[in-house]
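**Student:** got a predicted model here, sequence first, then my questions.
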Amino acid sequence: MIDQLHQTLAKIRIVLVGTTHPGNIGATARALKTMGLNRLELVAPRCAPDAETMARAAGADDLVEHAGMHQDLVSALAGCRLVIGASARLRSLEWPTLEPPECAVRLLAEARVGDVALVLGRERSGLTNEELARCHYLVHIPANPAFSSLNVAAAAQVLAYEIRQAARRQAGECLTDPPRDLATAEEMEGFYVHLAATLIELDFSDPEQSRTLNRRLRRLFNRARPDRVELNILRGILSAAQGRKRPDRFTRRQSPTLVEQTPPQAYSD
Ligand code: SAH
C-alpha cells in the first residue's frame, strides 16, 4: 500500500514558473519533501539556485539538484494528462476552479494512470492568462479575501499537505500508526459482561437503574476502540477489583491521595 502511494506521489510534478527569489525554490523543495512529493520542475527561473536555496531547502537538496530545467511551460508539462494551476486571485474569466482538497483528489486519481502537474506562478505577477489557459483547472486556497496571496512556497506547502492527506485517506490508514490488533465484537461483549458484573459486585451500580450507565460505558469504550492487549489490561483491572487478583506489589504501594480523591460511590442514572 505504501509503495503504491510512493509511486503515485512520484507522478505528481510541481512546476514553479519564473521564480525570482532563490530562497523560494529551496523552501518549496522542503515543503514538497516533507509531504512525500519529489518532482520539482523549474520553468525559466529568474535566479540560479544558490547557497540561500540550499539553506532554505534544509535537507531537501536532492529535490533542487534533480529539478528539471525548462525554457517554457510547454516543455515542463510534456506528457502530463492533467494540469492544475494555482492562482492567488479568482480570475475575471471564469475557469473551472477547485478548492485544495478536491484538487488533491483529482491529481491523485489521474496520477494512478500517468503524469500530472501542479503549476505555481511568479512571486509578483503569478501566472499569465496564457499559462492559465494551459491548465484544465485552477486551484485557489481560500485565504483572507482582502489579502489572499501566499508566498509561493507557502502555497506549495498547503497544496502538498492536501495531496498527502488525500492519499492517506485513500490508503484507508494512518501512515504513522502501525496497524492495531483490535479487539473483536465478541471480546468486547465479554468485557461488557465482566464490567457490568464487577460494577454490581462493587455496589457501584444498581442493576435496576443501570441501563443508561451501561450504554454510556459502551459508548465510551467503543469510542476508544481498544486493541486486544488493552482489553486484557482492562479485564485484569476488573478481576483485581473483584478481589480475584490482589498482587501484593500494588496493595503495598497504594497512594493515599489517590484513594482520598476517589471515594467509592454508588451510581444511579
Ligand atoms: N501577486 C500574484 C501572487 C503571486 S503569489 C498574483 O496576484 O497572482 C505566487 C504564486 O503562489 C501564485 O502564482 C500561485 O501559484 C501561488 N499562490 C499564492 N497564493 C495562492 C492562493 N491563495 N491560492 C492558490 N495559489 C496561490
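**Tutor:** It's in. Numbers count the residues shown, from 1 in each chain.
**Student:** drop to CA atoms for contacts and neighbour counts, all remaining ones
**Tutor:** Will do.
**Student:** C-terminal to the helix ranked longest in the chain, what's the next element?
**Tutor:** Taking residue count as the measure and DSSP state H as the definition, the longest helix of the chain comes out as helix 152-171. Toward the C-terminal end, the helix or strand that comes next after helix 152-171 (DSSP states H and E) is helix 185-201.
**Student:** so residue 33 sits right up against residue 58, yeah?
**Tutor:** No - with contact taken as CA atoms under 8 Å, residue 33 and residue 58 are classed as non-touching, separated by 10.3 Å.
**Student:** give me the more crowded residue out of these two.
**Tutor:** Just comparing residue 33 and residue 58: by other CA atoms under 10 Å the higher neighbour count belongs to residue 33, 21 against 13.
**Student:** which SSE is the more buried one in?
**Tutor:** helix 22-34.
**Student:** helices and strands around the next helix or strand along the chain from that helix, which ones?
**Tutor:** From helix 22-34 onward toward the C-terminus, using DSSP H and E, the following helix or strand is strand 39-43. Secondary structure elements in contact with strand 39-43, counted by 3 or more CA pairs under 8 Å, 6 or more residues apart in numbering; DSSP states H and E, are strand 12-17, helix 61-65, strand 68-70, helix 73-76.
**Student:** hmm, strand 39-43 in reach of the ligand?
**Tutor:** No - with CA under 6 Å from any ligand atom as the measure, strand 39-43 is seen stopping short of the ligand, the closest distance being 12.9 Å.
**Student:** which neighbouring elements make contact with whatever helix or strand comes next after that strand?
**Tutor:** Of the helices and strands lying after strand 39-43 in sequence (DSSP H and E), the nearest is helix 51-57. Contacting helix 51-57 under the criterion 3+ CA pairs under 8 Å, 6+ apart are the following elements: helix 22-34, helix 61-65.
**Student:** do you know which of the ones you listed lies nearest the ligand?
**Tutor:** Closest approach to the ligand among the helices and strands packed on helix 51-57 (CA to the nearest ligand atom): helix 22-34, 10.0 Å.
**Student:** just the residues contacting that closest one, thanks.
**Tutor:** 19, 38, 40, 47-50, 52-61, 63-64, 152-154, 156-157, 160 (CA atoms under 8 Å, 6 or more residues apart in numbering).
**Student:** for residue 229, which residues are in contact?
**Tutor:** Applying CA under 8 Å, 6+ apart, no residues contact residue 229.
**Student:** just the element for it, please.
**Tutor:** Counting by DSSP H and E, the secondary-structure element that holds residue 229 is helix 228-241.
**Student:** which parts of that helix are buried?
**Tutor:** For helix 228-241, a neighbour-count test (16 or more other CA atoms under 10 Å) marks 228, 231, 234-235, 238-239 as buried.
**Student:** same check on stretch 123-136?
**Tutor:** Neighbour counts using 16+ other CA under 10 Å place 123, 126-127, 131-132, 135 of stretch 123-136 among the buried residues.
**Student:** swap in stretch 59-73?
**Tutor:** Taking 16+ other CA under 10 Å as the basis for neighbour counts, the residues of stretch 59-73 that come out buried are 60-61, 63-64, 67-68, 70, 73.
**Student:** quick one: name the residues of the protein near the ligand.
**Tutor:** Within the chain, the positions adjacent to the ligand are 86-89, 120-127, 139-143, 148-152, 155 by CA under 6 Å from any ligand atom.
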